[in-house]
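>>> the following comprises the amino acid sequence and a computationally predicted model.
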Amino acid sequence: MAHRAIHHKGRGALTNPASRFAATAGEDFDDGWDTIDQIDDDEGRPATYLHRDPTRRVISRNESPDVPFSASINPYKGCAHGCIYCFARPTHEYLDHSSGLDFETQIYYKPEAAALFEAELRHSRYRCEPITLGANTDPYQPDDRQLGITRSILEVANRFNQPISIITKGAHVTRDLDLIGELAERNLASVFVSLTSLDNDLKRHLEPRAASPAQRLRTIAALADAGVPTGALVAPVIPMITDAEMESLVTAAAKVGATRAGYVLLRLPYAIKHLFREWLAQHYPDRAGHVMSLINQMRGGSDYEATWGTRMTGTGTYADLIAKRFTLACRRAGINGKRFTLDTHAFRAPPATGDQIGFDF
């Protein structure tokens with residue numbers, strides 16, 4: 001299907017293609033009156049809409065052998081950061097939305113997340129394990145500043161001694177540094193801050209509403225200074241776009257206090273492959289063909305290959321070179337020693353409201 005690509009300030013996707021589950025789909029076309037190119041790019045700039053999510057459970061589980069956690073919580077569906085590469089974009093299609101602009105403008109939030117989380121932690125079958133915030137969409141995306149759902153989840157975790165790991169590119173994670181710091185003192189919290197580029201212009205196109213590179217480095221510094229085990233996630237690594245910065249990103253993160261780092265090669269499942277190609281054509285037309293050629297070389301000749309074990313790193317000569325460069329960069333920066341291992345033995349369910357309190361005489 002064809003859609004007219006329009007770059008809206010503050011948005012990553014240039015189109016809003018129909019969900020792969022949609023019964024019907026449309027396309028932009030010129031009706032013969034030569035009006036299609038007269039649309040004002042800023043007229044009708046997409047606004048953000050918030051929807052209550054009616055979920056009845058908040059802890060999600062996965063059995064993927066190449067994901068280092070099995071339990072996670074996503075306070076939001078969709079993400080206003082608008083990162084064009086976000087691998088979670090296709091999940092919005094299950095809500096009858098597009099992976100394109102809908103993903104970054106139709107945001108679902110979970111106002112009862114804290115209460116649901118507490119109920120699940122109190123369940124007799126619950127067995128404590130670290131829970132990751134931000135596995136799918138960012139828990140510190142822009143609207144969380146007002147909604148504060150992520151903080152309410154951390155408050156529950158703090159009361160239960162529930163270990164939490166956080167992945168974010170949102171600088172306002174430092175708003176919750178009091179709670180995260182308390183958890184970290186008891187070895188119950190760690191944070192990975194996502195770093196993609198140190199280039200502000202590239203960041204504005206690639207991740208339009210995410211924190212700036214300087215803000216993210218200050219965030220790592222603030223977390224590390226507070227005693228929180230802090231790492232950097234260099235993701236995604238995009239050939240001919242961000243891969244040249246890999247060593248600089250690792251070095252910069254280590255200098256401000258990160259003690260671990262990881263990387264993920266660009267992933268283009270489902271509609272993202274089309275959205276990313278549109279983005280390349282708009283912002284980097286001179287190298288679009290070369291970028292996709294390298295991606296294809298690392299993905300078995302396709303835009304994406306979802307095989308467990310290699311989907312995060314790719315295969316082939318260029319992928320091997322990236323892996324070796326990253327390992328060497330970490331070694332030179334003196335990071336990636338001891339893994340973050342959170343305490344699962346301190347978990348205790350505090351008395352619930354109305355519980356009888358026992359006394360020993």
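Now that the structure is in, tell me what you want to look at. Numbers count the residues shown, from 1 in each chain.
>>> helix/strand/coil for the nearest residue to residue 298 once chain neighbours are set aside?
Once flanking residues are discounted, residue 298 sits nearest to residue 314: 3.4 Å by C-beta to C-beta, 6 or more residues apart in numbering. To be clear about C-beta, it is placed using only N, CA and C from the backbone, and glycine gets the same treatment. For residue 314, the assignment made with DSSP: H, G, I helix; E, B strand; the rest coil gives coil.
>>> run through the residues that contact residue 314.
265, 298, 299, 305, 322 (C-beta atoms under 8 Å, 6 or more residues apart in numbering).
>>> tell me the gap between the longest helix seen in the chain and the middle of its chain.
If you go by DSSP state H, the chain has its longest helix at helix 317-333. Between the centre of helix 317-333 and the centre of its chain there are 23 Å (C-alpha atoms, centre = their mean, to the nearest Å).
>>> and if you look at stretch 231-249?
15 Å.
>>> and what of stretch 223-243?
The answer for stretch 223-243 is 12 Å, by C-alpha atoms, centre = their mean.
>>> name the element residue 14 belongs to?
Per DSSP states H and E, residue 14 falls between elements, in no helix or strand.
>>> how about the contacts of residue 314, which pair is most distant?
Longest distance between any two of the contacts of residue 314 is 15.6 Å, between 305 and 322; criterion C-beta to C-beta.
>>> which stretches of this structure form strands?
For the chain, the strands defined by DSSP state E occupy 49-52, 59-61, 71-73, 76-77, 106-109, 131-133, 164-168, 189-195, 230-237, 260-265.
>>> alpha carbons of the longest one, as PDB, please.
Output for strand 230-237, consisting of C-alpha atoms alone and laid out as PDB, is shown next (Å, rounded to 0.1, in the frame of the first residue of the first chain):
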ATOM      1  CA  THR A 230      23.900   1.400  36.200                       C
ATOM      2  CA  GLY A 231      24.600   0.300  32.700                       C
ATOM      3  CA  ALA A 232      24.300   1.500  29.100                       C
ATOM      4  CA  LEU A 233      22.500  -0.200  26.400                       C
ATOM      5  CA  VAL A 234      23.900   0.800  23.000                       C
ATOM      6  CA  ALA A 235      20.800   0.200  20.900                       C
ATOM      7  CA  PRO A 236      20.100  -0.100  18.200                       C
ATOM      8  CA  VAL A 237      23.400  -0.300  16.300                       C
END
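>>> what about the stretch 1-150 of the chain, any weak spots by pLDDT?
1-3, 22-44 (pLDDT under 70).
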